[in-house]
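pasting a predicted model and its sequence here:
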Amino acid sequence: MQSLIGSLSFKTMGNDFDISSLENKVKRLKDEFDSELSSAKEEQDISRIKSKYIGKKGLLQDLFKLIPQIPESERKLAGKILNDFKQYVEEKLEDLKSALERKQVEFSEDITLPGRRSFSANLHPITVALREITEIFEKMGFEVESGPEMEEDWYNFTALNIPPDHPARDMQDTFYLEDGRLLRTHTSPVQIRAMEKRKGVLPIKIIAPGRVFRRDWDATHSPVFHQVEGLFVDKKVKMSDLFGVLEFFFKKFFGEGTRVRFRPSYFPFTEPSAEVDISCVCGGKSKDCKVCKGSGFLEVAGCGMVHPEVFRSVGYEGVQGFAFGMGVERLAMIKFGISDIRLLFGENYIAFKKTFF
Ligand code: DAH
């Protein structure tokens, strides 16, 4: 290119510079521009070419400087030739620029492909329920305790006043280990462990959330599920204390409008014992409500005053207490309107999550 300008300047030293030789120069310049443009690949090439040809110190500018040497009658035409070339360069560069931009978009994202669906990371309904349950009891001053999932017969049954020949054992069939231990069937053994650990230091006010196991598998029973146990032991504890604590809890968990009902029942480790029902979401108005089956109430927990035999098994004397136990899956299913417990686990849960979240 340098040579082109060199010869241009040289030739114009004389007075033989006319319009046709300007046309020739421009044509050569245009050919050179075209070939350079065809090999331009990126944004940077465009700005480089632009300043080389039509920039303030560019080649076209050099040609403009020659205009005074052209006979006056032809100057107007000369100006037009140069301006046309300038316009040509500008248009070509602009076209290339938008072509490059389009290409970049095409490469960076294929907007014709449907987007991949992403799932929000939310907590499992059991986790949500467990956290909420724990928070409410902590507000009432309960501490969180835990115990082993592989439990000894003594803690799971015998110390809880369920001797080897007791029929209650049949209702809690479970998985036994070769060494005689078993997968705990409820969180009640933590009552025994907590009392042993505290060696009679009162009051004892604990909840024990955790995993439990049974030989069950249907729409409302899973072989692995969660319970929250509660235990309150002090010198003097009344059954109305138990009622007050559970009523407060269920109203906080299910809403202030929830009614709580206690029904006499039987558990080997409490006396007296009661079953806890809450008013159904249908308000008891619908005779064919699928949740409460028209009864208006839902059974949500078992409770009672700690049986003297239980205190005896840990060597406690002159104390009173209450205990309760609730199934977390059941509470979560009622709270979140989930009809089948199996939806909460494994493959089923993944499908369920895809449908509902
Ligand atoms: N452990 C019982 C069960 O799994 C539930 C239960 C009932 C726990 C009454 C208690 C209680 O502490 O007082 O069926």
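In hand now; what should we look at?

rest of the way, CA atoms for contacts and neighbours
OK.

any idea which element the residue in the stretch 51-200 of the chain positioned nearest to the ligand lies in?
The nearest approach of the stretch 51-200 of the chain to the ligand comes at His186, 4.6 Å away (C-alpha to the nearest ligand atom). Following DSSP states H and E, there is no helix or strand that holds His186.

and for Lys285?
According to DSSP H and E, Lys285 maps onto no helix or strand at all.

what is the burial count for it?
Look at Lys285: counted by other C-alpha atoms under 10 Å, it has 12 neighbours.

my read: it touches Phe297, true?
No: Lys285 is beyond contact range of Phe297, at 10.8 Å (criterion: C-alpha atoms under 8 Å).

in contact with the closest residue to Ala168 other than its chain neighbours, which residues are there?
Spatial nearest neighbour of Ala168, excluding adjacent residues (C-alpha to C-alpha, 6 or more residues apart in numbering): Ile162 at 6.9 Å. Neighbour list for Ile162: 168-169, 268-269 [criterion: C-alpha atoms under 8 Å, 6 or more residues apart in numbering].

for Val228, same thing?
187, 207-210, 325-328.

hmm, 10 Å instead?
Applying C-alpha atoms under 10 Å, 6 or more residues apart in numbering, we find Val228 in contact with 130, 133-134, 144, 186-188, 207-212, 301, 324-328.

and the pLDDT for it?
Here the pLDDT value assigned to Val228 is 98.

report the separation between it and the ligand.
8 Å (C-alpha to the nearest ligand atom, to the nearest Å).

for the closest residue to that residue other than its chain neighbours, grab the count of nearby residues.
Distances taken as C-alpha to C-alpha, 6+ apart place Pro209 nearest to Val228, at 4.1 Å, with adjacent residues excluded. By the measure other C-alpha under 10 Å, the count of residues near Pro209 is 25.

let me know the helix or strand that Pro209 is in.
strand 204-213.

and if you look at Phe262?
Assigned by DSSP H and E, Phe262 falls within strand 260-267.

average pLDDT for that strand?
97.

which residues in the stretch 201-350 of the chain form helices?
239-254, 308-313, 328-336, 346-356 (DSSP state H, counting those that start in this stretch).

least reliable of these going by mean pLDDT?
With a mean of 75, helix 346-356 has the lowest mean pLDDT of the helices of the stretch 201-350 of the chain.

if you count contacts, what does that one end up packed against?
Of the remaining helices and strands, none touches helix 346-356 by 3 or more C-alpha pairs under 10 Å, 6 or more residues apart in numbering; DSSP states H and E.

the longest helix belonging to the chain: how far from the chain's middle?
Longest helix of the chain, by residue count under DSSP state H: helix 72-108. Relative to the chain's own centre, helix 72-108 is displaced by 53 Å; criterion: C-alpha atoms, centre = their mean, to the nearest Å.

list the buried residues of that helix.
For helix 72-108, the neighbour count (16 or more other C-alpha atoms under 10 Å) marks 75, 78, 81-82, 85-86, 89, 93, 96-97, 100 as buried.

what segments of the stretch 51-200 of the chain are strands?
With DSSP state E, counting those that start in this stretch as the criterion, the stretch 51-200 of the chain has strands at 143-144, 150-151, 182-183.

quick one: contacts of the last one?
I take that to be strand 182-183. 148-153, 156, 173-177, 211-214, 224.

ok, now with 8 Å
Where contact means C-alpha under 8 Å, 6+ apart, the residues beyond strand 182-183 that reach it are 149-153, 174-177, 212-214.

what's the answer for stretch 192-204, then?
145, 147, 155, 159-160, 231-235, 310, 314, 316.

can you pick the most crowded of those?
The residue in the contacts of stretch 192-204 with the most neighbours, by other C-alpha under 10 Å, is Leu231 (27 neighbours).

partner residues bridging the residue nearest to it when sequence neighbours are not counted?
Distance criterion C-alpha to C-alpha, 6+ apart; nearest residue to Leu231, sequence neighbours excluded, is Ala323 at 4.4 Å. Per DSSP bridges, the residues bridged to Ala323 are Leu231, Gly304.
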